[in-house]
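S.K.: Give me the fold of what follows.
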Amino acid sequence: MRERPTSTTSASAARHLISVDVVLLTPYGKQLAVLLQRASERSRERWMLPWGSVSGDDVLRIAASRIAKEAAGVSPALLDQLGAFSDGKRHPAGAEITVGFFGLLPTGTPAPVGGDVAWFAVDALPSLTPRQRTIVDDALVAVRGRIDQDPIAFRLLPPTFTLSELQTMYELLLGRRLHKASFRRALHAAWLVEPTDEWRSEGRGRPAQLFRFAPRKRRGSRRGVRFELLGG
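M.R.: Numbers count the residues shown, from 1 in each chain. Down below sits the predicted model:
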């Protein structure tokens, strides 16, 4: 990551600074969480999104990937660009323009070591600068807007999983509960999973069969689950 501006950075340099800010999301317990870094002592806010400054010669996606890996310790399973933010809202470095990205980290990603990086539930975030708060909100909208077109929930799961685990992952990403029978009908209609010969015990009930992501190609088929057909 490039050096962040210090107290000696001129106001002119801050006005011309372009930053890349990354919203990293992962299942954390039973919640969807965002990775935040501790802000400098001079900041009004205690926490901020991972970010770095870039120049005109930098490739934005490469910069975002580097920033994400430095913050989380691992590369995201998915990294996508949100867009540019030059709305005049305050940024931790006073950046004039920010290019936002969002990334997904698989379940089981180790918790950050030390007190400078931590996971926060998306519905209980600490105060962020106005621009970074907008970037987080836009990232959640982007994820939820494409989830029925692109099976991104599978990027958060291990290679094999139960259908209950898959439903929980979709619920975390969507931010709402799904009806079990309706979800499984929609999942079957999407032709996205296939059963394995493995089973896993879940609580006191009978073992649950494990599945894997294995989409079948069908003419005119959608790539994701049609959530508009599911009840809450």
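S.K.: Please name the bridge partners of the spatially most central residue of the chain.
M.R.: Residue closest to the mean C-alpha point of the chain, counted by Cα atoms, centre = their mean, is residue 25 at 2.9 Å. Applying DSSP bridges to residue 25 gives these bridge partners: residue 34, residue 104.
S.K.: now for whichever strand or helix holds residue 212, which elements pack on it?
M.R.: Take DSSP states H and E as the rule and residue 212 turns out to sit in strand 208-213. For strand 208-213, the packing partners by 3 or more Cβ pairs under 8 Å, 6 or more residues apart in numbering; DSSP states H and E come out as strand 160-161, helix 163-174, strand 193-200. C-beta: built from backbone N, CA, C; applies to glycine.
S.K.: what about 7 Å?
M.R.: On a contact count with 3 or more Cβ pairs under 7 Å, 6 or more residues apart in numbering; DSSP states H and E, strand 208-213 meets strand 160-161, strand 193-200.
S.K.: could I get that strand in PDB with only the CA atoms?
M.R.: Provided in PDB are the C-alpha atoms of strand 208-213 (Å, rounded to 0.1, in the frame of the first residue of the first chain):
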ATOM      1  CA  ALA A 208     -27.500 -33.800   6.100                       C
ATOM      2  CA  GLN A 209     -26.200 -34.500   2.600                       C
ATOM      3  CA  LEU A 210     -23.300 -32.400   1.300                       C
ATOM      4  CA  PHE A 211     -23.600 -30.700  -2.100                       C
ATOM      5  CA  ARG A 212     -21.100 -28.900  -4.400                       C
ATOM      6  CA  PHE A 213     -21.400 -26.000  -6.800                       C
END
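S.K.: Which stretches in the chain count as helices?
M.R.: Assigned by DSSP state H, the chain shows helices spanning 11-15, 60-72, 130-146, 163-174, 180-190.
S.K.: Could I get those in CSV, plus columns for distance to residue 115, mean neighbour count and mean pLDDT?
M.R.: CSV is the format used below for those (distance: least, Cβ to Cβ, whole Å; neighbours: other Cβ atoms under 10 Å; pLDDT from 0 to 100):
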stretch, distance to residue 115, mean neighbour count, mean pLDDT
helix 11-15, 27, 10, 53
helix 60-72, 14, 19, 95
helix 130-146, 20, 18, 95
helix 163-174, 26, 19, 93
helix 180-190, 39, 16, 88
